[in-house]
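Q: sequence and predicted structure, then a few things I'm wondering about:
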Amino acid sequence: MTFELGPALLFCPADRPDRYAKAAERADAVILDLEDAVAPADKAAARASLVAHPLDPASTIVRVNAVDSGHLAE
């Protein structure tokens, strides 16, 4: 039996831009979490951080809130 590892995915809170680069170095893809990892009061700043940082679209996934959460449209 052969066991092959799949890609390494690493979650990172979107309100911690100081961790973006380190997370990207350690994984095949990074999931920047705007949903559960970010307090409602910090979501606007987290979105601004995502926009302000150059991110590789080939290896970055942004986890957003559900449509009915009230946070997606912001």
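A: Done, it's in.

Q: for the spatially most central residue of the chain, list each beta-bridge partner.
A: Against the mean C-alpha coordinate of the chain, by CA atoms, centre = their mean, the closest residue is Leu32 at 0.3 Å. With DSSP bridges applied, Leu32 shows beta-bridge pairing to Cys12, Val62.

Q: ok, it touching Arg19?
A: No. Contact status for Leu32 versus Arg19: not in contact, 9.4 Å apart, counting by CB atoms under 8 Å. Every residue, glycine included, has its C-beta placed from N, CA and C.

Q: now the common contact residues for those two.
A: Cys12, Pro13 (CB atoms under 8 Å, 6 or more residues apart in numbering).

Q: would you map the strands across this protein?
A: 9-13, 29-33, 60-63 (DSSP state E).

Q: winner for burial among these?
A: Most buried of the strands of the chain, by mean neighbour count (mean count of other CB atoms under 10 Å): strand 29-33, with a mean of 21.
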